[in-house]
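Participant: next one to model:
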Amino acid sequence: MSAETPAAPGQFTRRRLQFRAWRGTRPFWAGLYVMLGGLPIAYFPYAHLQIGHLTLAMATTAGAGSLIIGVLLVVLGFSLWFQKHVRTFAGVAAILLALVSIPVSNLGGFLIGFLFAMVGGALAVSWAPGAPPEPQALAEDTQGEGGAPAAAPYEAAPHESASYYEAAPQEPTPHESADDADEPKDLSGTSPVNNGANGRHSAG
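Facilitator: Residues are numbered from 1 along each chain as shown. Down below sits the predicted model:
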């Protein structure tokens, strides 16, 4: 057992996720159905069915036309995979080729290729690219560092509101007595900033 064995499942998972992401950005199933529709249309006119000693040839007079239709359908399928901006044209062309294959190529490859091409063309026409994912800013705002919920916005405590200071009685400062608090203050010779009204004595 080699040392690289444990890494194999991880690599397979990564490849599968990459393929899934690639498949989701283009009409993958539409292209696959269109290609599958072209194979029986091109194959049956050149096939020979062996029943015991009896060989049944299913070739038609327009065998070359069947081959061209089948090859075009396969090319359109690859175009849907690698040139997704032509999906509308490729889808309409696949539907028209599927209809033309009915009289040209054994009822459209015995209706097998016809149905695959019709379904693939319809899927290609109706396919639209998905919307880009929404930014995760809202999710990041609701979670703090380390995945914890973010702290609620700061709210002032009840005692920090303006109404508390308006309703609370003014207590005398330690260097003033209770009697001095009720007496009018002499504001002469002091400035409005350094007067006793705000609890501080003047510098002079």
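Participant: S79 touches V86, doesn't it?
Facilitator: Yes: between S79 and V86 a contact is recorded at 5.8 Å, counting by CB atoms under 8 Å. Every C-beta, even on glycine, is put in place using the N, C-alpha and C of the backbone.
Participant: so between those two, which is more surrounded?
Facilitator: For S79 versus V86, neighbours defined as other CB atoms under 10 Å are more numerous around S79 (20 against 14).
Participant: that's a strand at that one, yeah?
Facilitator: No: using DSSP: H, G, I helix; E, B strand; the rest coil, the assignment for S79 is helix, not a strand.
Participant: ok, it to A94 distance?
Facilitator: Per CB to CB, to the nearest Å, S79 is found 10 Å from A94.
Participant: do the same with G130
Facilitator: Using CB to CB, G130 is found at 22 Å from A94.
Participant: try F114
Facilitator: In terms of CB to CB, F114 sits 11 Å off from A94.
Participant: which one of these two has more residues nearby?
Facilitator: More neighbours surround A94 than the other of F114 and A94, with 33 against 23 (other CB under 10 Å).
Participant: could you say which helix or strand holds the residue lying closest to the more buried one once chain neighbours are set aside?
Facilitator: Taking CB to CB, 6 or more residues apart in numbering, and ignoring the residues beside it in sequence, A94 has G121 as its nearest neighbour in space, at 3.5 Å. In the assignment (DSSP states H and E), G121 maps to helix 112-126.
Participant: likewise L76?
Facilitator: Going by DSSP H and E, L76 is part of helix 63-82.
Participant: what about the next helix or strand after that helix, average pLDDT?
Facilitator: Later in the chain than helix 63-82, the nearest helix or strand by DSSP H and E is helix 87-104. The predicted model assigns helix 87-104 a mean pLDDT of 92.
Participant: residues in contact with the residue nearest to S66 when sequence neighbours are not counted?
Facilitator: Nearest non-adjacent residue to S66, counting by CB to CB, 6+ apart: S105, 3.6 Å away. Going by CB atoms under 8 Å, 6 or more residues apart in numbering, S105 touches 41-42, 44-45, 60, 62, 65-66, 69-70, 113.
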